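Colleague: the following comprises the amino acid sequence and a computationally predicted model.
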Amino acid sequence: MPDEVLLVLSTFPDRGTAQRIAEELVVGRFAACANVASAVDSFYWWKGEIETASEVLVYFKTTAKRFDAFEGKLRELHPYHVPEIIALRVSDGSREYLSWVADNCRA
């Protein structure tokens, strides 16, 4: 059975920042894959006020074993004071793909 795979979501202020950080996390094997999506409109509370922003969403695929290192590196690279880092456990999927993710997240 492969390592437990996680889908991690994070938003970035612009496409260039998202691509740069996504590439660095994949090259460093913190994630096996990163998908940089189109812009999303975000509405959120910040310091007692409603804010809106156009952001870029990235889907990262990593493993539970690599998550602490992944999160640390993402926090180091991310420009936001409180970056969105949401990890979802993948409960099912293609066995070959999940094995590929696990194989490509090894330090």
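Modeller: Okay, I see it. Predicted model only: the values in this text are computed from it and were never measured.

Colleague: what's the closest non-adjacent residue to Arg15?
Modeller: Val56 (5.2 Å; CB to CB, 6 or more residues apart in numbering). C-betas here are computed from N, CA, C, even on glycine.

Colleague: what are the contacting residues of the helix or strand where that neighbour lies?
Modeller: Using DSSP states H and E, Val56 maps to strand 49-63. Applying CB atoms under 8 Å, 6 or more residues apart in numbering, the external contacts of strand 49-63 come out as 2-15, 17-18, 21-22, 25, 30-45, 70, 101-102, 105.

Colleague: keep only those of these that are in strands.
Modeller: 5-12, 33-45 (DSSP state E).

Colleague: narrow those residues to those that are buried.
Modeller: With burial judged by 16 or more other CB atoms under 10 Å, the buried subset of those is 5-8, 10-12, 33-34.

Colleague: ok, Ala31 - how many residues close by?
Modeller: Using other CB atoms under 10 Å, Ala31 is surrounded by 27 other residues.

Colleague: give me phi/psi at it?
Modeller: phi -140, psi 150 (degrees, to the nearest 10).

Colleague: okay, Ser38: pLDDT?
Modeller: For Ser38, the pLDDT comes out at 89.

Colleague: for Arg75, which non-adjacent residue is spatially closest?
Modeller: Distances taken as CB to CB, 6+ apart put Pro83 closest to Arg75, at 6.5 Å, once the chain neighbours are dropped.

Colleague: how many neighbours does that neighbour have?
Modeller: Residues lying near Pro83 (other CB under 10 Å) number 15.

Colleague: all set now, cheers.
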